[in-house]
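Q: here is my input; please provide its structure:
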Amino acid sequence: MVALLRVPHVILAVNKIDLVDFSTDAFAAVARDAEAVAAELGIDDLYVLPVSALEGDNIVERSERTPWYRGPALLELLETLPAADALESSVAAASGLGNQEPRPLRLPVQVVLRPQGGLAPDIAVDPTEVERLRDYRAVAGRISSGTVRIGDRVEIFPSGIATTVTGIRVAGAEADEATAPQSVSLELADDVDTARGAVVVTAGSLPAARREFDAELFQLDGRTLTPGIRVLVKHGTATVQAIVAQIESRYDLDALTHAPAQALEVNDIGRVRVRLAADLPLEPYRTSRHGGSFLVIHPSDGATLAAGIVRD
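A: Numbers count the residues shown, from 1 in each chain. I've put the predicted structure just below:
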């Protein structure tokens, strides 16, 4: 799973080292097996350390009972790894894209704000604002990548219409810029016709509109997923009708290989082809974990059937 999701750093804490009398040979055997599996799966950054959760060995501080272990304690290791906000760049670096420019703006529109005068809370702070807010319009959502500043040129997916950012609000206060993962509202120079499900992007970085794509699915529901089944695909704030057009294979967790399959059951991991009823701005997961991830939803009861990532 961590290999498929391209998790950049993996920690294997070998617990109960106290039950083998802190044996270096027992730990080394486990570490060798783990490193062999990691190499086969393409996991480059693996940390293996011996711990005893019950006794606290190598949890906060290095234990005197494992003098043969020269690495950091678990807490020290966790504190030195990159934080979550660096994950996108780590994924890009692991994919050979680390020297590229910073990720462009991606703001999935959650709602279009039209307060109609002073009816909106936290905006109209005095009566003089009421008239100005009669024509107020902004798009709001959570930035999934990039940074936006007042004066930036942006485009709207799927229309491709270009406009300029004239105002930014973060937590109800005016701001000059905002960055991922902040929730913001943007005022635009033009009265652009947009709605929930649209995406505001840096001008010149409009993602391709996709109607069909290959994906890796992680089956979460007990109902069988078969070719031809009608589902909903939720990507960002957009939800569109879709069909699972083809199931190519299922991942064999024992053999660590893909085998031909005609259906996916609960907990299966499979490669599929999905056909959409409307355009989505899908991007390969290896370059964008937000643009390349989605949910598969049952159209009748709204249950999440599977989680998916977009393949190249």
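Q: outline the domain layout of this protein.
A: The record's domain parsing of the chain by automatic domain parsing lists 10-81, 106-202, 210-310.
Q: if I average pLDDT within each of these, which one is lowest?
A: The minimum mean pLDDT among the domains of the chain belongs to domain 106-202 (a mean of 87).
Q: what about it, start to end distance?
A: Using C-alpha to C-alpha, to the nearest Å, the end-to-end distance of domain 106-202 comes to 7 Å.
Q: what is the neighbour count of the residue nearest to residue 164 when sequence neighbours are not counted?
A: Excluding its sequence neighbours, the residue lying closest to residue 164 (C-beta to C-beta, 6 or more residues apart in numbering) is residue 189, at 4.2 Å. The way it works is simple: take the backbone N, C-alpha and C, and place the C-beta from them, glycine included. The tally of other residues near residue 189 (other C-beta atoms under 10 Å) stands at 14.
Q: ok, residue 189 touching residue 167?
A: No: taking C-beta atoms under 8 Å as the definition, residue 189 is not a contact partner of residue 167, at 9.6 Å.
Q: now residue 197: closest residue in space, sequence neighbours ignored.
A: Closest to residue 197 by C-beta to C-beta, 6+ apart is residue 238, at 3.4 Å.
Q: distance of the one you found from residue 290?
A: Taking C-beta to C-beta, to the nearest Å as the measure, residue 238 and residue 290 are separated by 13 Å.
Q: just the helices in the chain please.
A: In the chain, the helices defined using DSSP state H lie at 24-41, 74-80, 87-94, 129-133.
Q: other SSEs contacting the second one?
A: Helix 74-80 makes packing contacts with strand 10-14, strand 46-50 when contacts are defined by 3 or more C-beta pairs under 8 Å, 6 or more residues apart in numbering; DSSP states H and E.
Q: most neighbours per residue, which of those strands?
A: Comparing the helices and strands packed on helix 74-80 by mean neighbour count (mean count of other C-beta atoms under 10 Å), strand 46-50 comes out on top with a mean of 20.
Q: got a list of contacts for that strand?
A: Identification of contacts with strand 46-50 by C-beta atoms under 8 Å, 6 or more residues apart in numbering yields 9-14, 17, 22, 27, 30-31, 34-35, 38, 57-58, 66, 69, 71-74, 77.
Q: report the angle between that strand and helix 24-41.
A: Following axes from the mean of the first three to the mean of the last three C-alpha atoms, to 10 degrees, one obtains 160 degrees for the angle between strand 46-50 and helix 24-41.
Q: can you give me how far strand 46-50 is from the chain middle?
A: Its chain's C-alpha centre and that of strand 46-50 lie 26 Å apart, by C-alpha atoms, centre = their mean, to the nearest Å.
Q: what's the spacing between residue 274 and residue 230?
A: 11 Å.
Q: neighbour count winner among these two?
A: Each of residue 274 and residue 230 has its neighbours counted (other C-beta under 10 Å); residue 274 has more, 24 against 12.
Q: tell me what the more buried one is bridged to.
A: The residues listed as beta-bridge partners of residue 274 by DSSP bridges are residue 213, residue 244.
Q: looking at it, it is touching residue 241, isn't it?
A: No: counting by C-beta under 8 Å, residue 274 stays clear of residue 241, with 11.0 Å between them.
Q: list the contacts of residue 187.
A: Going by C-beta under 8 Å, 6+ apart, residue 187 touches 136, 137, 138, 165, 166, 167, 168, 169.
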